[in-house]
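# Need coordinates for the following:
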Amino acid sequence: MIPVTVDPFHPPAFIETLAAMGRVTGTTPLTGSGGDTTTQAPAGPRTERDLLQAIAKDLKPSGFIVLGGTPSISFGQKRVKAGGVLTITFEGNQYTLEVTRIDRTNFTLRLNREEFTRTIK
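Numbering: from 1, shown residues only. Okay, here's the model as predicted:
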């Protein structure tokens with residue numbers, strides 16, 4: 001017999017709520033071209049680089065400013081300089097990202113040992 005393990009990321013109450021809604025744990029609803037809803041299982045475990053790219057893609061910087069010769073970017077009311085950190089909630093998990101570099105057109109984020117540079121749009 002295979003031992004049953006408890007999923008630490010989805011407590012029983014969460015799984016019961018999903019079941020009551022008619023959803024299966026570990027699936028994501030997608031809307032097809034015909035307007036119907038289908039489900040697709042996640043692609044599997046992601047590398048830190050993939051995770052950082054997905055987080056960076058969802059970030060929406062609201063501005064770029066240089067004060068006293070030091071560039072910074074704004075995310076709503078939060079302004080971050082190079083060396084500063086952002087605490088982000090992504091897919092239900094909290095991550096602390098370090099902003100390692102900022103210039104006029106892009107910024108670089110670090111998650112653990114992985115870095116990713118994206119443009120400021």
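# Could you use CA atoms for every contact and neighbour count after this?
Will do.
# Tell me the bridge partners for the nearest residue to V66 once chain neighbours are set aside.
Spatially, and ignoring its direct neighbours in sequence, V66 is nearest to S72 (6.2 Å; C-alpha to C-alpha, 6 or more residues apart in numbering). Partner residues in beta bridges with S72: I65, K81, with DSSP bridges as the criterion.
# T89 now?
So, taking DSSP bridges as the rule, T89 has Q94 as bridge partners.
# Distance check, it against L111.
13 Å (C-alpha to C-alpha, to the nearest Å).
# Between the two, tell me which one has more neighbours.
Ranked by neighbour count (other C-alpha atoms under 10 Å), T89 and L111 place L111 first, with 18 against 11.
# residues making contact with stretch 110-121?
By C-alpha atoms under 8 Å, 6 or more residues apart in numbering, the residues outside stretch 110-121 that reach it are 48-49, 52-53, 56-57, 60-61, 95-100, 104-109.
# Which segments of the protein make up each domain?
The record assigns the chain these domain ranges, following automatic domain parsing: 1-42, 48-119.
# where exactly do the helices run in the chain?
Across the chain, reading from the start of the chain, the helices by DSSP state H fall at 12-20, 48-58.
# Compare the domains of the chain and say which comes out lowest on pLDDT.
Comparing mean pLDDT across the domains of the chain, the lowest value falls on domain 1-42: a mean of 54.
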